[in-house]
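Chemist: I'd like to go over a predicted model; first the sequence, then the structure.
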Amino acid sequence: MINLIIPAAGSGSRFSEKTPKQFVKIQGIEILEMNLLTWINIKLVDKIYLVLPQLEFEYNKNKYQKLSNKIIPIIGGSSRAESINNAIKILDNKNPYTLIHDGARPFVTNILIKRVIEALKIHNAIIPALKLTNTIKKVKNNQIINTINRENLISVQTPQGFHTNIIKKAYSNINLKNINFDDSELVENIKEQVFYIEGEKNNIKITTQNDLDYAEFLIQKYFKK
Ligand code: CTP
Ligand code: MG
């Protein structure tokens, strides 16, 4: 079976609301709950390590445990990496694959999840990503330095999938504070190859208030349950 880590312990500083964005409701559905409802129905995933903020941990722990007995609540840390590391430490080593998916990315689909899992039969580490469509330029102090060839650039999403032993190795020995890194980058750092599959355009991460309008549109058009 498969482990899943959902980091949902952030405070959402770019979202600028008192409530962390994962707990905000769109069209009456909480972002994190919408996300979890998709994962709970994936039969192959039997352990969901749900990383939650320390603040009001007991309340949230009880709330989410009621959703499914697959959910294992864990207290998060001060960085995303620290939050994930708290789950990595207690992962079920018997499960050969471990997926990591942002709590603030509620529009993940069964199809994307299955494609990531399928690719793990061939590769040690797999990430969904999109080719860039806009022209990309490097800048310094509002001035253009140069234009980058976008042919070789991708924009990365989650769920990212890893062989459990590989992600454990990647997370051992890292400095968890002050570093903003992506999980697959840690795998690159231990010289393991990471491959990508096509992501999904609607698989957005709620980051700023602006994302809410678009999220509302997506629920109405594609995701109304
Ligand atoms: N996350 C976490 N623990 C942290 C920081 C982030 O579990 N200490 C989680 C967030 O809850 C989110 C995911 O990692 O589901 C992606 O992070 P991001 O979008 O950056 O969320 P925040 O860190 O909460 O937002 P911001 O960077 O704007 O503060
Ligand atoms: Mg963040």
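Modeler: Alright, I've got the coordinates. Numbers count the residues shown, from 1 in each chain. Ligands and ions are numbered 1, 2, ... in the order given.

Chemist: With adjacent residues omitted, what lies nearest to Asp46?
Modeler: Leaving aside its sequence neighbours, Asp46 sits nearest to Met1 (Cβ to Cβ, 6 or more residues apart in numbering; 4.0 Å). Bear in mind the C-beta positions are built from the backbone N, C-alpha and C, glycine included.

Chemist: Now the helix or strand hosting Ile167: average pLDDT?
Modeler: Assigned by DSSP states H and E, Ile167 belongs to helix 164-171. For helix 164-171, mean pLDDT rounds to 97.

Chemist: Report the next helix or strand after that helix in sequence order.
Modeler: helix 183-189.

Chemist: end-to-end on stretch 190-197?
Modeler: Chord length of stretch 190-197, first to last residue, is 21 Å (Cα to Cα, to the nearest Å).

Chemist: circling back to that earlier point, hmm, Val45 and the residue nearest to Asp46 touching each other?
Modeler: Yes - at 7.2 Å, Met1 counts as touching Val45 under the criterion of Cβ atoms under 8 Å.

Chemist: more neighbours, the two?
Modeler: Taking neighbours as other Cβ atoms under 10 Å, Met1 and Val45 compare with Val45 leading, 20 against 13.

Chemist: Within range of ligand 1, give me the residues from the protein.
Modeler: Contact residues, the chain versus ligand 1 (Cβ under 6 Å from any ligand atom): 7-15, 22, 51, 76-80, 83, 102-104, 205, 207.

Chemist: So which of those residues sit within helices?
Modeler: Arg80, Ser83 (DSSP state H).

Chemist: Filter the residues of the chain next to ligand 1 down to the buried ones, PyMOL style.
Modeler: This is how PyMOL selects the buried members of the residues of the chain next to ligand 1, with burial counted by 16 or more other Cβ atoms under 10 Å:
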select buried, resi 7+8+9+10+12+15+22+51+76+77+79+80+83+102+103+104
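
Chemist: circling back: for the helix holding Ile167, name the packing helices and strands.
Modeler: helix 80-88, strand 97-100, helix 183-189 (3 or more Cβ pairs under 8 Å, 6 or more residues apart in numbering; DSSP states H and E).

Chemist: how about the CA coordinates for that helix, as CSV?
Modeler: Taking C-alpha atoms only, helix 164-171 is exported to CSV below (Å, rounded to 0.1, in the frame of the first residue of the first chain):
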residue,chain,number,x,y,z
THR,A,164,9.8,5.4,0.5
ASN,A,165,13.5,4.6,1.1
ILE,A,166,14.6,7.3,-1.3
ILE,A,167,12.6,10.1,0.3
LYS,A,168,13.7,9.0,3.8
LYS,A,169,17.3,9.2,2.7
ALA,A,170,16.8,12.6,1.1
TYR,A,171,15.3,14.0,4.3
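
Chemist: Can you tell me what sits against that helix?
Modeler: Applying Cβ atoms under 8 Å, 6 or more residues apart in numbering, the contact partners of helix 164-171 are 3, 81, 84-85, 88, 91-93, 95-98, 100, 124-125, 162, 183, 186-187, 189-190, 192.

Chemist: could you give the angle of it to helix 80-88?
Modeler: 140 degrees (axes from the mean of the first three to the mean of the last three Cα atoms, to 10 degrees).

Chemist: quick check, distance from helix 164-171 to the centre of its chain.
Modeler: Chain-centre distance of helix 164-171: 16 Å, with Cα atoms, centre = their mean, to the nearest Å.
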